[in-house]
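Peer 1: structure for this input, please:
(3 chains)
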Amino acid sequence: MSSSTASNRKLNSAPVFTAIAYTVVSIIALVCLIPFVVLLAGAFSSESSVISDGYWFWPRDFSLDAFKFIFRYPGDVLSAYKVSILIAVIGTALSLFCSTMAAYVLGRKELKHRNKLAFFLFFTTLFSGGLAPYYIWLSRNLHLSNTYAVLILVPMFNVMYILILRSFISSSVPEPLIESARIDGAGDLRIFLQMILPLSKPALASIGVFTALAYWNDWWTAMMFTTKDPLIPLQYLLYKMLSSVNLSSAMSQHVTNLDAPKETFKLAMTVIATGPILLVFPFVQKYFVSGVTIGAVKG
Amino acid sequence: MQRNRKRMWLMLALSVMLTFTLAACGSSKDKETESSGSTTDTTKATDTDSKTDAAKTDKDSSTAAATDTGIDHSKEVKLVGYLLGEAPKGMPEVMAALNEKLKKDINATLEINYIGWGDIASKYPLILAAGEDVDFVFTADWNFYVQEANKGSFKEITTDLLQKYMPKYYEKQDASAYKAAQVQGKQYMIPTTTPDRKVNVIVLRKDIMDKAGLTNPTKISELEPYFAEIKKDYPNMTPLNLDSQYDLPAPFGALVSEKFAYAGAPGDSGDPSGVGNYMDLEDPSGKVLSITDEPVQGAFKYAAGIMKQWFDAGYVNKNPYSNKVRSKDNFCESKAGVAFGNSIDIQATLASCKEKGIDTYIMPVLSPSGHAPANSWLNNGVAIAAGSKNPERALEALDLLMQDESYVMTDYYGIEGKNYVLTSDGKLGLPDGVAAADNTYPPDAAGFWFVNKDFLKPSVSWTDSYIDLNNKVKDYLIQIPYLGFSFNSDKVKTEIANLKNVSTQYFLPFAIGSVKDVNASFDTLVSKMQAAGVDKVKTELETQASAFLAAKG
Amino acid sequence: MKDIRRHWVLYTMFLPVAIYFIVFAYIPMAGIVMAFESYTRTGGMFFSKWVGFDNFHYFFASGKAWLVTRNTIVYNVIFLGCYTVFSIIAAVFMSEIRSKFFKKMTQTLMFLPYFISWVTVSAFVYNFFNYEYGIVNKILHYFGMEGIDIYSNTSYWYFLLPFLYVWKWVGYGSILYLAAIVGIDQEIYEAATIDGASRFQRIMRITLPLLKPTMIILILLGLGRIMRGEFDMFYQLIGNNGLLMDATDIIDTLAFRSLMGSADFGMASSVGVYQSVLTLIIILTANWLVRKYDRDHALF
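Peer 2: Predicted coordinates:
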């Protein structure tokens, strides 16, 4: 903690205010936590106890069946983790760089067409040709089916994030700063790389988290565009398992998965998909819980 | 100057686009060689395993080759098929075994892709619309057959084609199956030769039946004391614990069936009999009935009246729309008093109850004459995609996959000694050390549901009551006048879409008895259906139905 | 053109994103014509039979077009309002908390619901509230009170749906607002503190005004989704429950129910076109209003 914030505390400590802040935040956090605890407990319960007694705050009949079921073929799960991590890392890096660059451009007041460009992007969120043309175009014309490229490209950009980045950049990087850099002879690219990127770390971190999550949670692209096992990301693998336990039992003539966990499977699936994110989250978090001082970059 | 710039702009955009596409192409090609490399590896690996198998099938295939009718097989082709569900873990080995045989018999190899259960509605039409890399695809009357046929997604199947390329199939199939498969006068489906034999059933618990003093009930309306007993002595059990999908209209349907031969299609299926247009299935004249005609009106009010009594007495769970657990899945957990299912899918429930020591009683849902309609051929079938480059070879491959016993055993049950063994009495069992849950290629799971099921074997794990039921099912089933009829909703799309809505909002509450007044809600239902255009659907249905009956002769 | 020549570096920096959206959005967008066609394979996307507005007919003939349009807008406005207010409250209070551990911890917890899919949420809601053995009713019965039946009573859902929506998204929203707060130059706060501003004053005078641009942009972006609605939420929680339908049916659920199993490309995209056109009108109006009062913060 820097010395200036320490002096803040001395200057105006407001115990009532602090108490309110802690209480409000705690209540919201608890409301969010409780269902997750129930979910965790359910994931570690036996299928029959969940069906007959419902959910509870701790496992009433402890069992690892759901996890055992998911890890029946550990190789598949590991390969799926690998694919997911790979596309999330590459995709997020590419997406974040290009998005921020575009966002910076959109915020430059000297560009006459910047509003047109913003509208050019925004329009795509309003109108789309629908699923059929998209699928046919990507698979038949661009031949993207069954490639890593499709897994990275489809969820790549989110217009919303580009526009949010634009507003973050313009509110956290003061215009005079850019002007002075320009007078010093810096080009747009250099200003972007050396000034905008470091100064928008909180924004980059938060949008980065969302982009990474979009990749991580995306089963749809894999569902539509892949048929080959080595290309299956985690969420799609889990999704496939879920739909097969749910629906094939209704079709099957033979006793295949007599006791396949269904209810607990759903819960365990959430745990498995959420776990890694929760481990990585705190590392990114520091960028948006601690502030940025512009002077630090300027000096 | 300006024009030049524009052109440059365009060129730039195009070249970037091209690099994009090329990069994609390159990587997809890499993938392909990579994956084909790995399949050859597995072929080699399983080679030794299946040597005995191969030796055995050698004989079969040589006879097949002998009867070859001079079809040119000189060019090797790769066929791609799409089935529903999920590739079982053991799929690569089974494919290797199948491909070895196919290569020898018709110089073709096969790749099977799957459309997951949850994705059918979005993916199935798209694969056919984009359709370059697909030769054959699973289809059925419940799975977009008529809709896709209307769109022209399938190749037409002619008798000549079948005779030439699918001789085994042609010999086996009933000619009326071809009629049934016609959409606007043309056939696009290769329907199964062996439609499923199944009848809806209701399962009860023997112990509660005894307490309630009930012996051998045959109708659902006789179950009142059974429900009352549950309500009295089993506080955690709901007599009719219905789920949102399957069970919801089941008791209502069973009650209506006591009055006439009724088959309630699901309200969201787009089948006119789901909403507003009904038939007495055993009526030879095949008259189309409105909801206000008899016997429909009387039967509906009778059924809804009983359901309302039961609902008010607390026999029905209050929130079936949000319950996603089927009664057959929590019946053995003592959560549901009865289990609804059909004679095929109820198997797992019976086995699980037996394990828990619960004695069960199975009650088939039958029409007043004691029958149930036989299933249509169109329940399971396969079609050739319109974009197929090798339709003839695909037909030949299908002939083998569907009608050659050694192929059927492989595509349905997997590899002998690894996925199944045959016991001395001809039953299907698991090899030593393989539990049902570890079987990498469980029976039925690979989606080859259109094969000739006469080749299939009973399983050693079937319970006696199940075998007993299965034997009886044959006697229950009768051929109904409309067997194989499927409605083409192309001309009344708007009306069908709105009727589906009406069904959800007004028919379902009526069917579970949660309405305040049976007569009033019946009247609302009728008026809503009329507003949605039920009469127009009826006219269209009558036209198609009489054309169907006339063609059948 | 002159502008492009002068600022060619900036325009080039925009190029990757522009190309992406041309390839992945604008080209497939041509498929919108399918909403006006009766698709056949031989006709393909552009040469199938032109049927004008026939594909839209089912939606307007359902007699519920106005009802579901109204429901969609009303729910989304309520959702957007609650979400914005709660996210800002959470973010502002969090920024005032000094303990880094507590801050990180609560933020992680708030983010948890984001991972719980609506299918699972609906299973939870059913377990909590179902009439026969739901936890809530068990508790009510224990105290000798009448049980509640939320699945046949629309009034509970007016509260429950926004609550669940906020619950699911508050973590997400608060991260965005917190990032905006953290992005504010610390020197401004320090200067204010030296001038003797209290913490409450700092929030009112510095934090909230500086959050305005973020808030405006997020609300405008939220309006861009106003006709879509959280389909999964409504479909999983309400499903086919006819008793709740008049109060909880939105455009997407109506279209889904009507078209299930029909595989008709034209009818499927017609509702999308309807939603898009309405959204375009709404968003252009909103953007115009913002431009009028605060030129810098408009979307475009």
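
Peer 1: what is the burial count for residue 127?
Peer 2: Using chain A. 18 (other CB atoms under 10 Å in any protein chain shown). Where C-beta positions appear, they are placed from N, C-alpha and C, glycine not excepted.

Peer 1: my question was about chain B, not that one.
Peer 2: Neighbours of residue B:127 (other CB under 10 Å): 22.

Peer 1: what sits against the residue of chain C found nearest chain A?
Peer 2: Nearest residue of chain C to chain A: residue C:31, at 2.4 Å (CB to the nearest CB). Neighbouring residues of residue C:31 by CB atoms under 8 Å, 6 or more residues apart in numbering or on different chains: A:129-130, A:132-134, A:136-137, C:45, C:269.

Peer 1: relative to chain B, how far out is it?
Peer 2: Plainly put, residue C:31 is 11 Å away from chain B if you go by CB to the nearest CB, to the nearest Å.

Peer 1: and if you look at residue C:140?
Peer 2: Residue C:140 sits 14 Å away from chain B, going by CB to the nearest CB.

Peer 1: cool, and residue C:55?
Peer 2: Separation of residue C:55 from chain B (CB to the nearest CB) stands at 8 Å.

Peer 1: pLDDT score for that residue?
Peer 2: With respect to pLDDT, residue C:55 scores 87.

Peer 1: now the residue positioned nearest the centre of chain A: closest residue in space, sequence neighbours ignored.
Peer 2: The residue lying closest to the centre of chain A (CA atoms, centre = their mean) is residue A:213, at 1.5 Å. Nearest residue to residue A:213, sequence neighbours excluded (CB to CB, 6 or more residues apart in numbering or on different chains): residue A:277, at 6.9 Å.

Peer 1: tell me, how many residues neighbour that neighbour?
Peer 2: Neighbour tally, residue A:277, other CB under 10 Å: 18.

Peer 1: adding secondary structure and distance to residue A:30, write the contacts of residue C:31 out as a markdown table.
Peer 2: As requested, the contacts of residue C:31 are exported to a markdown table (DSSP: H, G, I helix; E, B strand; the rest coil; distance: CB to CB, whole Å):
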| residue | secondary structure | distance to residue A:30 |
| --- | --- | --- |
| A:129 | coil | 45 |
| A:130 | coil | 42 |
| A:132 | helix | 45 |
| A:133 | helix | 46 |
| A:134 | helix | 42 |
| A:136 | helix | 48 |
| A:137 | helix | 47 |
| C:45 | helix | 52 |
| C:269 | helix | 44 |
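
Peer 1: can you give me the strands for chain C?
Peer 2: Here chain C has its strands, by DSSP state E, at C:37-38, C:49-50.

Peer 1: winner for burial among those?
Peer 2: Most buried of the strands of chain C, by mean neighbour count (mean count of other CB atoms under 10 Å in any protein chain shown): strand C:37-38, with a mean of 21.

Peer 1: that one vs chain A: in contact?
Peer 2: No. Contact of strand C:37-38 with chain A is not found when judged by CB under 8 Å from any CB of the partner chain; the minimum separation is 11.0 Å.

Peer 1: what helices or strands is that strand leaning on?
Peer 2: Here strand C:37-38 touches strand C:49-50, helix C:54-61, going by 3 or more CB pairs under 8 Å, 6 or more residues apart in numbering or on different chains; DSSP states H and E.

Peer 1: deepest-packed of those, please.
Peer 2: helix C:54-61 comes out most buried of those by mean count of other CB under 10 Å, with a mean of 20.

Peer 1: that one vs chain A: in contact?
Peer 2: No. If you take CB under 8 Å from any CB as the test, helix C:54-61 misses chain A, and the best it gets is 11.4 Å.

Peer 1: got a list of contacts for that helix?
Peer 2: With CB under 8 Å, 6+ apart, helix C:54-61 has contacts from B:493-494, B:497-498, B:532-533, C:35-38, C:65, C:254-255, C:258, C:264, C:266-267, C:269-271, C:273-274.

Peer 1: mind running it again at 7 Å?
Peer 2: The contact list for helix C:54-61 (CB atoms under 7 Å, 6 or more residues apart in numbering or on different chains) reads B:493-494, B:497-498, C:35-36, C:65, C:255, C:258, C:266-267, C:270-271, C:274.

Peer 1: from these, which land in helices?
Peer 2: Among the contacts of helix C:54-61, the members falling in helices (DSSP state H) are B:493-494, B:497-498, C:65, C:255, C:258, C:266-267, C:270-271, C:274.

Peer 1: select only the buried ones of the residues you listed in PyMOL?
Peer 2: In PyMOL, this line selects whichever of the ones in helices among the contacts of helix C:54-61 come out buried by 16 or more other CB atoms under 10 Å in any protein chain shown:
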select buried, (chain B and resi 493+494+497+498) or (chain C and resi 65+255+258+266+267+270+271+274)
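
Peer 1: any chance of the ones in helices among the contacts of helix C:54-61 in JSON lines, with distance to residue A:241 too?
Peer 2: Listed next are those as JSON lines, based on distance: CB to CB, whole Å:
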{"residue": "B:493", "distance to residue A:241": "35"}
{"residue": "B:494", "distance to residue A:241": "38"}
{"residue": "B:497", "distance to residue A:241": "33"}
{"residue": "B:498", "distance to residue A:241": "37"}
{"residue": "C:65", "distance to residue A:241": "39"}
{"residue": "C:255", "distance to residue A:241": "29"}
{"residue": "C:258", "distance to residue A:241": "31"}
{"residue": "C:266", "distance to residue A:241": "34"}
{"residue": "C:267", "distance to residue A:241": "32"}
{"residue": "C:270", "distance to residue A:241": "35"}
{"residue": "C:271", "distance to residue A:241": "32"}
{"residue": "C:274", "distance to residue A:241": "37"}
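
Peer 1: so can I have JSON lines of the ones in helices among the contacts of helix C:54-61 showing distance to chain A?
Peer 2: Listed next are the ones in helices among the contacts of helix C:54-61 as JSON lines, based on distance: CB to the nearest CB, whole Å:
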{"residue": "B:493", "distance to chain A": "17"}
{"residue": "B:494", "distance to chain A": "19"}
{"residue": "B:497", "distance to chain A": "17"}
{"residue": "B:498", "distance to chain A": "21"}
{"residue": "C:65", "distance to chain A": "19"}
{"residue": "C:255", "distance to chain A": "12"}
{"residue": "C:258", "distance to chain A": "16"}
{"residue": "C:266", "distance to chain A": "9"}
{"residue": "C:267", "distance to chain A": "11"}
{"residue": "C:270", "distance to chain A": "9"}
{"residue": "C:271", "distance to chain A": "10"}
{"residue": "C:274", "distance to chain A": "12"}
